[in-house]
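Undergrad: here is my input, please return the structure:
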Amino acid sequence: MNCALVTGASRGLGRAIAVQLAKDHGLFILVNYSTNQEAAEETLTEIKANGGNGELLQFNVQTKTEVDEALNGWKEANPDNFISVLVNNAGITRDGLFMWMPEKDWDDVLNTSTKGLFNVTQNVIQQMLRKRTGRIVNIASVSGLKGVAGQTNYSAAKGAMIASTKALAQEVAKRKITVNAVAPGFITSDMTKDLNEDELKQMIPMNRFGKAEEVAHLVSFLASEKASYITGEVININGGIYS
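TA: Next up, the predicted model:
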């Protein structure tokens with residue numbers, strides 16, 4: 001059975017992506033979460049309500065031993081299942097001016113996005129390489145392309161994801177594995193709930209925030225056979241803010 005692993009799938013973008021992948025491709029969804037089991041269960045309930053199926057898989061993407069233990073254990077218990085789609089979505093923000101930024105805020109943001117990408121992808125890609133197929137989609141951000149004041153850590157983390165997407169895509173293209181990044185702008189979610197939407201949307205040519213479902217449709221396309229010749233790309237989805 002083909003499966004999709006979505007990291008940080010308990011809410012927001014991760015939840016929308018998990019639901020869409022189940023709906024469009026009939027994939028069995030591994031709903032990864034770190035601490036919020038209740039929210040992860042809500043994601044799974046929504047997947048099932050839309051006719052899909054899946055299970056929860058708890059691990060903190062920052063910790064390699066935890067990632068390997070969870071994924072290797074799952075693979076041993078499910079020898080006939082194959083994670084054919086990986087979405088590296090887990091990410092956090094700890095915004096603040098660089099000159100006053102605590103070291104922990106730098107480390108936590110970088111480790112969630114970049115070390116998380118390394119830990120999860122390195123485990124999952126082994127089977128993709130053996131089977132000579134796979135789709136990897138990394139959720140970056142407009143911050144990783146243009147840089148955002150007050151988000152030096154987040155911009156650095158997402159910029160690193162973009163660069164590693166381009167490099168890894170070249171390494172595995174011959175094995176029919178595609179690696180792409182999606183760079184959302186302002187999307188209505190838990191991550192943007194404290195922002196002044198009325199003020200910020202005036203900067204966006206489309207004059208609105210995006211919806212999580214709109215990003216999910218793009219990820220779903222990149223996970224499909226229709227996108228088999230697209231790799232190493234960073235696709236912006238931001239209403240024209242970075243055009």
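Undergrad: do me a favour and get the end-to-end distance for stretch 231-238?
TA: Its first and final residues considered, stretch 231-238 spans 20 Å by CA to CA, to the nearest Å.
Undergrad: pull the residues that contact it.
TA: Applying CB atoms under 8 Å, 6 or more residues apart in numbering, the contact partners of stretch 231-238 are 140, 142, 145, 162, 165-166, 169-170, 173, 178-186, 204, 210, 214-215, 218, 222, 242-243. Quick note: C-beta positions are derived from backbone N, CA and C, even for glycine.
Undergrad: chain center to that stretch, what's the gap?
TA: Relative to its parent chain, stretch 231-238 has a centroid offset of 13 Å by CA atoms, centre = their mean, to the nearest Å.
Undergrad: picking up where we left off before, show me the contacts of stretch 231-238 that map onto strands.
TA: 178, 179, 180, 181, 182, 183, 184 (DSSP state E).
Undergrad: which of those residues sit farthest apart?
TA: The span of these, defined through CB to CB, is set by 178 and 184 at 19.1 Å.
Undergrad: comparing the two, which shows the higher neighbour count?
TA: residue 184 (25 against 21; other CB atoms under 10 Å).
Undergrad: quick one, what contacts the more buried one?
TA: Residues in contact with residue 184 (CB under 8 Å, 6+ apart) are 13, 139, 141, 142, 210, 215, 237, 238.
Undergrad: any idea what the fifth one is bridged to?
TA: By that I understand residue 210. When assigned by DSSP bridges, residue 210 has beta-bridge partners residue 187.
Undergrad: quick revisit: closest to residue 40 among the contacts of residue 184?
TA: For the contacts of residue 184, the minimum distance to residue 40 (CB to CB) is 14.2 Å, reached by residue 13.
Undergrad: could you check how far that closest one is from residue 210?
TA: Going from residue 13 to residue 210 by CB to CB, to the nearest Å gives 10 Å.
Undergrad: and for residue 29?
TA: Counting by CB to CB, the separation of residue 29 from residue 210 is 22 Å.
Undergrad: what about these two, which has more around it?
TA: residue 29 (29 against 21).
Undergrad: is it true that that one touches residue 47?
TA: Yes: at 5.5 Å, residue 29 counts as touching residue 47 under the criterion of CB atoms under 8 Å.
Undergrad: mutual contacts of these two, please.
TA: Listed as contacting both residue 29 and residue 47 by CB under 8 Å, 6+ apart are 18, 22, 53, 54.
Undergrad: and the next element down the chain from the one helix or strand the first one maps to?
TA: Remark: residue 18 resides in helix 12-25, with elements defined by DSSP states H and E. Following the chain from helix 12-25 toward its C-terminal end, the next helix or strand by DSSP H and E is strand 28-33.
Undergrad: other SSEs contacting that following strand?
TA: If you count contacts as 3 or more CB pairs under 8 Å, 6 or more residues apart in numbering; DSSP states H and E, strand 28-33 packs onto strand 2-6, helix 12-25, helix 37-49, strand 53-58.
Undergrad: so which residues make contact with that strand?
TA: Outside strand 28-33, the residues that touch it by CB under 8 Å, 6+ apart are 1-10, 18, 21-22, 39-40, 43-44, 47, 52-59, 61, 74, 81, 83, 90.
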